[in-house]
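Give me a model of this one.
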Amino acid sequence: MRTSPSPLPGLPGLPELPGLPGLPRRVIAEMTGTAALVAVIIGSGIRAGDLSQDVGVRLLANSLASAIGLGLLIALFGPLSGGHLNPVVTLSDWWSRRGEEGAPRIREVSLYLAAQLTGAVTGALLAEAMFGRAPGNWSTQVRSDTHLLLGETVATAGLVLLIQGLRRSGRASLAPVAVAGYIAAAIWFTSSGSFANPAATVGRAFSDSFTGIAPGSLPGFIGAQLLGTLLGIALATVLYGTGEPTGPVLRRTR
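Coordinates of the predicted model:
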């Protein structure tokens, strides 16, 4: 049984599943990983809300659970799909590597995005069901103030800069710890709470809980995330140059 090259340097490649081509396996990994991530975010928020009425305690519990869960999921799914679990990671990887040999194609990017969105909604519904709540209730948490959108732009730009910086400097193997640490910090230092993930943002609209976001707030938040993605890519280009990065995250199936 042959092995596939690892999408993240420092993480060993895994044996290919019999009869399942590389791309389908990676898409399934992205869907499963994103579902698990959103389930962790929403589930820990629901649990924190049940155990404490103190907003600070809720945020502390939710931020720790989310960061630990994210780091573990990146480590788990990194050798399979690169552990993106986030459209801004996929889009920034595609954009920064366009024109390179072996760069991901539009079809692969589209499948990743669809898998992440599907996984996020599934994870939200799963979290609601696990805590005995009726799945599918829209969130009533309105998050549309300008300062929140600014915070979300900053949070996403920082995330993209971190990931691009690690990859371009040949240290992508640090991603599980570095990204988890950044998210834990950004949940506290940004006004938005650092969603920094369009798929997870959509999923969180399906939970009327501490971590939810009202559907009407989605366009503003996702727009801020996309703007932050562009800013993060621009900063990474200024700081690390435009040369071929070390250790691509998403590999193209030939």
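
quick one: average confidence on the helix or strand where residue 150 lies?
Remark: residue 150 resides in helix 146-168, with elements defined by DSSP states H and E. Model confidence over helix 146-168 averages 96 on the pLDDT scale.

ok, then the element right after that helix?
Past helix 146-168, heading to the C-terminal end, the next element that is a helix or strand (DSSP H and E) is helix 175-189.

Do me a favour and average the pLDDT over that next one.
Confidence for helix 175-189, expressed as mean pLDDT, is 96.

Tell me which other helices or strands it touches.
Contacting helix 175-189 under the criterion 3 or more CB pairs under 8 Å, 6 or more residues apart in numbering; DSSP states H and E are the following elements: helix 55-81, helix 146-168. Heads up, the C-betas are built off the backbone N, CA and C, glycines and all.

Serialize these to a markdown table and add fields for distance to residue 220.
Formatted as a markdown table, those follow (distance: least, CB to CB, whole Å):
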| stretch | distance to residue 220 |
| --- | --- |
| helix 55-81 | 21 |
| helix 146-168 | 5 |
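
Out of these, which one sits most buried?
Greatest average neighbour count among the helices and strands packed on helix 175-189 goes to helix 146-168 (a mean of 22), per mean count of other CB atoms under 10 Å.

And residue 84, its phi and psi?
In terms of degrees, to the nearest 10, the main-chain angles of residue 84 are phi -60, psi -60.

Count the neighbours of it for me.
Each residue near residue 84 was counted by other CB atoms under 10 Å, and the total is 30.

Provide a list of residues in contact with the closest residue to it other than its chain neighbours.
With sequence-adjacent residues excluded and distances taken as CB to CB, 6 or more residues apart in numbering, residue 84 is closest to residue 90, at 4.8 Å. Contacts for residue 90 were tallied using CB atoms under 8 Å, 6 or more residues apart in numbering; they are 84, 109, 112-113, 116, 250.

Looking at the protein, which helix is longest?
Among the elements of type helix in the chain, defined by DSSP state H, the one spanning the most residues is helix 22-51.

Report the inter-axis angle for it versus helix 55-81.
Orientation of helix 22-51 against helix 55-81 (axes from the mean of the first three to the mean of the last three CA atoms, to 10 degrees) gives an angle of 170 degrees.

Which residue, other than its chain neighbours, is closest to residue 64?
With CB to CB, 6+ apart as the measure, residue 184 is the residue that lies nearest to residue 64, at 6.8 Å, once sequence neighbours are left out.

likewise residue 159?
Computed as CB to CB, 6+ apart, the closest residue to residue 159 that is not its neighbour in sequence is residue 196, at 4.9 Å.

Of the contacts of residue 90, which is the nearest to residue 177?
Here the nearest of those to residue 177, counting by CB to CB, is residue 84; it sits at 16.7 Å.

Quick check: the closest one touching residue 93?
Yes - Residue 84 sits in contact with residue 93 when judged by CB atoms under 8 Å, with a separation of 7.3 Å.

Report the backbone C-alpha coordinates of stretch 234-242 in PDB.
Listed in PDB are the C-alpha atoms of stretch 234-242, where the atom choice follows Å, rounded to 0.1, in the frame of the first residue of the first chain:
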ATOM      1  CA  ALA A 234      -0.800  41.200   1.300                       C
ATOM      2  CA  LEU A 235       1.100  41.400   4.600                       C
ATOM      3  CA  ALA A 236       2.600  37.900   4.100                       C
ATOM      4  CA  THR A 237       3.800  39.000   0.600                       C
ATOM      5  CA  VAL A 238       5.400  42.200   2.000                       C
ATOM      6  CA  LEU A 239       7.100  40.400   4.800                       C
ATOM      7  CA  TYR A 240       8.000  37.100   3.200                       C
ATOM      8  CA  GLY A 241       8.200  38.000  -0.500                       C
ATOM      9  CA  THR A 242       6.600  36.300  -3.500                       C
END
